[in-house]
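Enquirer: starting from these lines, generate the structure:
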Amino acid sequence: MTLYPPICRNIIAPLWAAREKSPYLRVARELKRTEYKSAVEIREIQFQKLRRIMQHAWANTEYYREKWQAIGFNPEDLKSVDDLTKLPILTKDDIRANKSRMVAAKISKEKLMPKKTSGSTGVSLEFFVDEDSIQWKRGCTLYFDQWSGWQLGDKIAAIWGNPSHRNNWRAVVRNVLLERYDFLDTLKMSEKEMLSYYQRQMRRKPALLFGHAHSIYLFANFLKQKNLEPFRPKGIISTCMVLHDFERKRIEETFGCKVFNRYGCEEVSLIACNCEAQGGLHLNLNTLIVEFIKDRRPAKPGEPGAIVVTDLTNSGMPFIRYKVGDVGVPSDKKCSCRRPLPLMESLEGRVADYVVTPEGNLISGISLTENFAMKLPEIKQLQIIQERHDYLIFKVVKGERFSNGSEQKIKTLALDRFGPQMHYACEYVDAIPQAANGKYRFCISKVKNPFM
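Expert: This is a model prediction of the structure:
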């Protein structure tokens, strides 16, 4: 027990939030205070937020006004949340084609934050989120983080790719004083790096282990194979990939605490997460309306459906009935934790493979989307297939800006990311098909992983 966590919670964090003029701490406290409000109250709050965002979109965006007029719909016709099903679904292609027409006219450009997805579905997406929405989601995430037993100010061990706080000294100071992360970069998961990371955490004694689901599993396997006594966090938050039951079992057995699985996306932030009862993933209805669509109708409980979300907070560039690109299974069960937020049974179809380099390093597919595909805007779509330890195939769909210089960029990135012993070939194709489950896999490895 140290004195720093309560100092951070009660002094440093509030002062930092005041300096930033951020309400995120207040948001987290309010969500905690009202977390057992009734389902009827939640539904009514959702409906009022939905009316506001739809009226705003109608009045301030060309895209939604045009789309809804074409089907004879006016936001004043909205009588319940269920009326959303009358509206067209928003796709990634819709956003790419209409980005400027989706931005709200009355939102100051200074309040708009540009965002870009990592392209885990094969194609990156650019959009905007307004500052108020960002701060709300920040507070919402803090509230859900605390379900794990971690509290603001406690140390965090993170297994993640491309840590952003290393970019400048201000971010480093912020991390040391407020966020308290220590990273194992998933682009460098060699035995040497994992051992060094383990030794640091044994000294640090983090309260939370956070990271890619499969990366945490690989790290747990590494500790078991090396007969290393693990550090003991209060809880583990896994995200970014499907967490399989066998992976959850291994992780929980290794670290002696529960895994709180989480699902979200860059476009709308946190969508659902486990509580301590682990009866499913609670849907984040504080921020979103979540639908599951099967054959153009709402999926039944226990039936897989395409996940469609409406962001109730992003006024800068509203996302209304946005098809995320993942498949989930809704549930009609009640959670034993007594929180009324409804449940999703499971997430299906988000799995990223690892590349194993000739040197034995592991590179996660999730990290490669951020550190490879995003560096190539002139490529429309990309898929990496590992055939052997020393051989990759890059399936490339060329964009309009593709040139001879693009091939040199691929060569430079391949050398930088995979090392001089890795060979590759580019296959230029018209399109990259989806897998049988309807998902696009950015990275596919046919090579045995040493920690599987």
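Enquirer: going forward, measure contacts and count neighbours with C-alpha atoms only.
Expert: Noted.
Enquirer: what helices or strands is the helix or strand containing residue 203 leaning on?
Expert: Here residue 203 sits within helix 191-204, counting by DSSP states H and E. With contacts defined as 3 or more C-alpha pairs under 8 Å, 6 or more residues apart in numbering; DSSP states H and E, the secondary structure elements packing on helix 191-204 are strand 181-185, helix 213-225.
Enquirer: tally up the residues packed near the closest residue to residue 331 other than its chain neighbours, please.
Expert: With C-alpha to C-alpha, 6 or more residues apart in numbering as the criterion, residue 331 has its nearest non-adjacent residue at 4.7 Å, and that residue is residue 301. Burial measure for residue 301: 16 neighbouring residues, criterion other C-alpha atoms under 10 Å.
Enquirer: ok, now how distant is residue 301 from residue 343?
Expert: Applying C-alpha to C-alpha, to the nearest Å, the value for residue 301 to residue 343 is 10 Å.
Enquirer: ok, now residue 200?
Expert: As judged by C-alpha to C-alpha, residue 200 and residue 343 stand 37 Å apart.
Enquirer: and what of residue 407?
Expert: Residue 407 is 46 Å from residue 343, by C-alpha to C-alpha.
Enquirer: ok, residue 174 next?
Expert: As for residue 174, its distance to residue 343 is 35 Å (criterion: C-alpha to C-alpha).
Enquirer: looking at those two now, which is surrounded by more residues?
Expert: Set side by side, residue 174 and residue 343 show unequal neighbour counts under other C-alpha under 10 Å, the larger going to residue 343 at 23 against 13.
Enquirer: how about the more buried one, phi and psi?
Expert: With angles defined as degrees, to the nearest 10, residue 343 shows backbone torsions of phi -110, psi 150.
Enquirer: who's in contact with it?
Expert: Applying C-alpha atoms under 8 Å, 6 or more residues apart in numbering, one finds that residue 343 lies in contact with 279, 280, 281, 282, 283, 330, 331, 332, 333, 334, 335.
Enquirer: cool, and residue 280?
Expert: Taking C-alpha under 8 Å, 6+ apart as the definition of contact, the neighbours of residue 280 are 273, 274, 335, 343, 344, 345, 346.
Enquirer: got it, and residue 143?
Expert: Contact criterion C-alpha under 8 Å, 6+ apart gives 28, 29, 31, 32 as the residues in contact with residue 143.
Enquirer: next up, the contacts around residue 306.
Expert: Contacts of residue 306 were listed using C-alpha under 8 Å, 6+ apart, and they are 291, 292, 293, 294, 323, 324, 325, 326, 327, 328.
Enquirer: quick one: average pLDDT of the helix or strand where it lies?
Expert: Using DSSP H and E, residue 306 falls within strand 305-311. The average of the pLDDT scores along strand 305-311 is 95.
Enquirer: quick revisit: go ahead and name everything in contact with the helix holding residue 203.
Expert: Under the criterion C-alpha under 8 Å, 6+ apart, external residues in contact with helix 191-204 comprise 155, 157, 183, 184, 219, 222, 230, 231, 361.
Enquirer: buried residues, stretch 28-41. List them.
Expert: The neighbour-count check on stretch 28-41 (16 or more other C-alpha atoms under 10 Å) flags 28, 31, 35 as buried.
Enquirer: got the contacts of residue 280 as JSON lines, with secondary structure, distance to residue 209 and pLDDT columns?
Expert: Rendered in JSON lines, the data for those read as follows (DSSP: H, G, I helix; E, B strand; the rest coil; distance: C-alpha to C-alpha, whole Å; pLDDT from 0 to 100):
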{"residue": "273", "secondary structure": "strand", "distance to residue 209": "15", "pLDDT": "96"}
{"residue": "274", "secondary structure": "coil", "distance to residue 209": "15", "pLDDT": "97"}
{"residue": "335", "secondary structure": "coil", "distance to residue 209": "24", "pLDDT": "95"}
{"residue": "343", "secondary structure": "strand", "distance to residue 209": "24", "pLDDT": "97"}
{"residue": "344", "secondary structure": "strand", "distance to residue 209": "23", "pLDDT": "96"}
{"residue": "345", "secondary structure": "strand", "distance to residue 209": "23", "pLDDT": "94"}
{"residue": "346", "secondary structure": "strand", "distance to residue 209": "21", "pLDDT": "89"}
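Enquirer: and which of those residues is nearest to residue 262?
Expert: residue 273 (4.1 Å; C-alpha to C-alpha).
Enquirer: buried subset of the contacts of residue 343, written for PyMOL?
Expert: Here is the PyMOL selection string for the buried members of those, based on 16+ other C-alpha under 10 Å:
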select buried, resi 279+280+281+282+283+330+331+335
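Enquirer: reformat the contacts of residue 343 as TSV; add distance to residue 111 and secondary structure.
Expert: Shown next, in TSV, are the contacts of residue 343 (distance: C-alpha to C-alpha, whole Å; DSSP: H, G, I helix; E, B strand; the rest coil):
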residue	distance to residue 111	secondary structure
279	38	coil
280	36	coil
281	32	strand
282	30	strand
283	27	strand
330	35	strand
331	37	coil
332	39	coil
333	40	coil
334	39	coil
335	38	coil
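Enquirer: pLDDT check: weakest of the contacts of residue 343?
Expert: residue 279 (90).
Enquirer: wait, it touches residue 335, no?
Expert: Yes - with contact taken as C-alpha atoms under 8 Å, residue 279 and residue 335 are classed as touching, separated by 6.0 Å.
Enquirer: so where is the chain shaky, pLDDT-wise?
Expert: 1, 118-123, 162-167, 349-352, 370, 434-440, 451-452 (pLDDT under 70).
Enquirer: check which residues of stretch 180-193 are buried.
Expert: 180, 181, 182, 183, 184, 185, 186, 187, 188, 189, 190.
Enquirer: then stretch 242-255?
Expert: Along stretch 242-255, these residues count as buried under the neighbour rule (16+ other C-alpha under 10 Å): 242, 243, 247, 248, 250, 251, 252, 254, 255.
Enquirer: identify the residues contacting it?
Expert: Residues from elsewhere that reach stretch 242-255 (C-alpha under 8 Å, 6+ apart): 213-214, 216-217, 220-221, 224, 230-233, 258-259, 261, 347-351.
Enquirer: if we can go back for a sec, out of the buried residues of stretch 28-41, flag the one nearest to residue 237.
Expert: When those are ranked by distance to residue 237 (C-alpha to C-alpha), residue 28 comes first, at 17.7 Å.
Enquirer: now that closest one: phi and psi?
Expert: phi -60, psi -40.
Enquirer: ok, back up a step: which of the contacts of residue 306 are buried? Put it as a PyMOL command.
Expert: One line in PyMOL is enough to select the buried members of those, burial here meaning 16+ other C-alpha under 10 Å:
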select buried, resi 291+292+293+323+324+325+326+327+328
